[in-house]
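Colleague: show me the folded form of this:
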Amino acid sequence: MPRRILHLDLDAFYAAVEQRDKPSLRGKAVVVGGSGQRGVVATASYEARTFGVRSAMSGAEARRRAPHAAFLGGRFPAYRESSRIVMALLREISPLVEPLSLDEAFVDLAPSGWGDDELVDRVAWLRSEVTRRTEGLTASVGVGSAKFLAKLASEAAKPDGARILLPDEELDFISPLPVRAIPGVGPATEQRLMAIGLYTVADLRAADRAELIREVGQAAGEGLAALAQGRDDREVQAQRDPKSISTEDTFQTDLTDPVQLELILRRDAAGVAGRLTRAGYFARTVTLKVRFADFTTRTIARSLGGATDSVDAITAAGVSLLSEVDVRPGVRLLGIGVSNFTTAAQERLFGEDDPPPASTSTTTGADTEVALSGVRGSGYHPGADVEHDVHGRGWVWGSGLGRVTVRFETRDTGPGPIRTFAVDDPALRPAGLYPLPLAVSTDDE
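Modeller: Numbering: from 1, shown residues only. Modelled structure (predicted):
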């Protein structure tokens, strides 16, 4: 019996969560990310995609193509909440669930008891249940005998559809696809294959094996030949341990103030340490990443001398690494990460200096919020959840010049009114999640 692997992909996930939670944006062009001249689009709603906006596009290009779209900062707690609900649903079907990201996962259906003759009805139920439990999100689902076939099937089903491949139709399904549809074929490999006349999966299947290996190498050539025949023996990995935990910020303007950069690094180090603790790991290595104005990047790492989840130790290592970097040319991106994990703390082999104290410098701008160009929103960013003593819950429509404009609505109210307040209005404050009834409890961020 062939394996039956299911791939589920939530449609335009980040943007769909925003449209669900903001009734006035339903049916409108919505872009998550892309803030500032250096921002990059994380997700665009299907309405925005009709204007040519797509993931990984620069924010400047996205605004040129869709100037009237709503550009929102990311609300990752809301995305994680919906993701947990969907992943919990998948684990009700089978314990063999391999999440690839917040919005997609593979499921090995062998333990599910789902027979081939009932797959259509079972998948229809799954998609309907996703929408019910998340209060409106949709998912595309593909089923095949291998991981990459299931993923290609779900891509063909987008948006909000399903494609179940029978074993005897899988080769016909992949034959007309371009070679870049094969996992591991990036732009460079695609160009090499096209140079020898291989444009489709069918071409790849019919290729001379020796010529293919000569062009892309032994391992890659044999792997491509197997995938072109629909053979993919990779198992669904139900537990994938993280190799690293990190965060980084891209700034709208280059930063040259070392005190300002240190404050940002301390904040991010605390966030990384918190995620490390919640994941139940201890790290041996801290890595600092600095990208300069000319796009050159410096990455340096330091051993912690043991394994720890201490925010002080992680921060101290990060600050020490930063002190080794000449930031005068201007820093475009700053990141910190931890890696080399264990599941138990390990004492340092040698004594270490105490963490340096927090800087008290009064350098201009060091204690002010820095404008970021990443997906993650901060402060009263467009899309942020807020609450007002009189008007109730809403979200930030826009802000600037000491003012905050709020649309007061929730996913349950329908489109609401817009009001503008002073940024320091004591009646206005950031709000927590507007929870989903089926959300599972968690200690995550």
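Colleague: name whatever forms a beta bridge with the nearest residue to residue 430 once chain neighbours are set aside.
Modeller: Closest residue to residue 430 apart from its sequence neighbours, by C-beta to C-beta, 6 or more residues apart in numbering: residue 386 at 5.9 Å. Glycine gets a C-beta too; all of them are placed from N, C-alpha and C. Per DSSP bridges, the residues bridged to residue 386 are residue 394, residue 430.
Colleague: so which residues of the stretch 51-200 of the chain form helices?
Modeller: Under the criterion DSSP state H, counting those that start in this stretch, the stretch 51-200 of the chain contains helices at 59-65, 76-93, 119-133, 147-157, 170-174, 187-195.
Colleague: in terms of secondary structure, what does the shortest one contact?
Modeller: It refers to helix 170-174. Secondary-structure packing of helix 170-174 (3 or more C-beta pairs under 8 Å, 6 or more residues apart in numbering; DSSP states H and E): helix 147-157.
Colleague: for the helix it packs on, which outside residues touch it?
Modeller: Outside helix 147-157, the residues within contact range by C-beta atoms under 8 Å, 6 or more residues apart in numbering are 5-9, 106, 140-144, 163-165, 170, 173-174, 177, 181-183, 227, 230, 232, 234, 236.
Colleague: tell me the angle it makes with helix 119-133.
Modeller: If you take axes from the mean of the first three to the mean of the last three C-alpha atoms, to 10 degrees, helix 147-157 sits at 70 degrees to helix 119-133.
Colleague: pLDDT on helix 147-157, on average?
Modeller: Mean pLDDT, helix 147-157: 96.
Colleague: still on that earlier bit, separation between the residue nearest to residue 430 and residue 405?
Modeller: The spacing between residue 386 and residue 405, counted by C-beta to C-beta, to the nearest Å, is 11 Å.
Colleague: which neighbours do the two have in common?
Modeller: Shared contacts of residue 386 and residue 405, defined by C-beta under 8 Å, 6+ apart, are found at residue 396.
Colleague: rewinding a little: show me how to select, in ChimeraX, the buried members of the contacts of helix 147-157.
Modeller: Selecting only the buried entries of the contacts of helix 147-157 in ChimeraX, with 16 or more other C-beta atoms under 10 Å as the criterion:
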select :5,6,7,8,9,106,140,141,142,143,144,163,164,165,170,173,174,177,181,182,227,230,232,236
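Colleague: give me the subset of the contacts of helix 147-157 that lies in strands.
Modeller: Among the contacts of helix 147-157, the members found in strands (DSSP state E) are 5-9, 106, 140-144, 163-164.
Colleague: could I get those residues as a markdown table with distance to residue 345?
Modeller: Listed next are the ones in strands among the contacts of helix 147-157 as a markdown table, based on distance: C-beta to C-beta, whole Å:
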| residue | distance to residue 345 |
| --- | --- |
| 5 | 38 |
| 6 | 39 |
| 7 | 38 |
| 8 | 37 |
| 9 | 38 |
| 106 | 33 |
| 140 | 43 |
| 141 | 42 |
| 142 | 42 |
| 143 | 43 |
| 144 | 43 |
| 163 | 47 |
| 164 | 48 |
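Colleague: now these as CSV including distance to residue 117 and pLDDT?
Modeller: Supplementary listing: those in CSV, determined by distance: C-beta to C-beta, whole Å; pLDDT from 0 to 100:
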residue, distance to residue 117, pLDDT
5, 18, 96
6, 16, 98
7, 21, 98
8, 21, 98
9, 25, 97
106, 22, 97
140, 22, 98
141, 17, 98
142, 18, 98
143, 13, 97
144, 17, 96
163, 17, 97
164, 11, 97
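Colleague: alright, I will stop here.
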